[in-house]
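Colleague: Following is a predicted model, sequence given first.
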Amino acid sequence: MSDPAPTPLPPAGMHTLVRHTPLVRITHWIGTACFLALLVSGTELVISHPRFYWGESGNVMTPSLFDLPIPASDYRVNTGYGFVLPDQNGWSRSLHFQTAWLLLFTGALYTSAGLLNRHFRKNLLPALADLRPRTFAIVVLEHLKFRRPAERGSYNVLQRVTYLVVLFLLFPLMVWTGLAMSPAITAAWPAIVMVFGGQQSARTIHFFVAIALVIFVLVHLAMVIRAGFKDRTRAMITGRVI
């Protein structure tokens, strides 16, 4: 029996590094599509009523916590503009809710896998020494200089802390406040919304968490471009870095 054909070697001077598993790549792109759908539909929901309140109830007849300086798609909402935008509340609400459930299941799958294979502990949990103010400040300053990073196979302490905050604070809070705005969910489990002091409080917190996630995505894109957009995108598609 002849020996199996040898595995072709990469060209001289080139080395490949496995960076992302298939599960990470699949959940990443599903999450990307869901985020874009949630951003578009969520923006339309805000346009339908660009006023925010605190407590259990709030409407056009009650004082608001703050108003967004944009025209509304509901003529009953007085925003100071003499016109209203086309009402797209129907499709945007359905798309927002359906996409949110898909993102929830995708995030739960990614998080469960990360806990089981100890990915978070090995690759994201920062060392205590890296969390010292001086060390952490140096990493932040290096990022502010917009230099192309030298590391390709690991996360620095700033990335680790940011990803952990997004995964275990912002994302769960986004899900929780979203569920707190669902009458069916709160009717069965009223404690979900009582923690925030009411549905309007949950909506306001949901809005600010969404802004934080948008900022994270924008910074993430800027870091990807700085590190090499083509290489990093290819790595998230193929799983390998050359």
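Modeller: It's in.

Colleague: Tell me the first helix or strand C-terminal of the helix or strand bottoming out on mean pLDDT in the chain.
Modeller: Within the chain, no helix or strand scores below strand 17-18, which has a mean of 66 by mean pLDDT, DSSP states H and E. Downstream of strand 17-18, the next assigned helix or strand under DSSP states H and E is helix 22-48.

Colleague: Tell me the spacing between residue 115 and residue 213.
Modeller: 21 Å (Cβ to Cβ, to the nearest Å). All C-beta spots, glycine's among them, are computed from the backbone N, C-alpha and C.

Colleague: more neighbours, those two?
Modeller: residue 213 (18 against 11; other Cβ atoms under 10 Å).

Colleague: Leaving aside the residues adjacent along the chain, what's closest to the more buried one?
Modeller: Closest residue to residue 213 apart from its sequence neighbours, by Cβ to Cβ, 6 or more residues apart in numbering: residue 170 at 5.8 Å.

Colleague: count of residues packed around the closest residue to residue 86 other than its chain neighbours?
Modeller: Excluding the flanking residues, the one nearest residue 86 by Cβ to Cβ, 6+ apart is residue 73, at 6.4 Å. Residue 73 has 20 neighbouring residues, counting by other Cβ under 10 Å.

Colleague: what do you get for the one 4 residues further on?
Modeller: Look at residue 77: counted by other Cβ under 10 Å, it has 18 neighbours.

Colleague: Contacts only, for it.
Modeller: Contact partners of residue 77, counting by Cβ atoms under 8 Å, 6 or more residues apart in numbering, are 48-51, 60.

Colleague: which of those are buried?
Modeller: 48-51 (16 or more other Cβ atoms under 10 Å).
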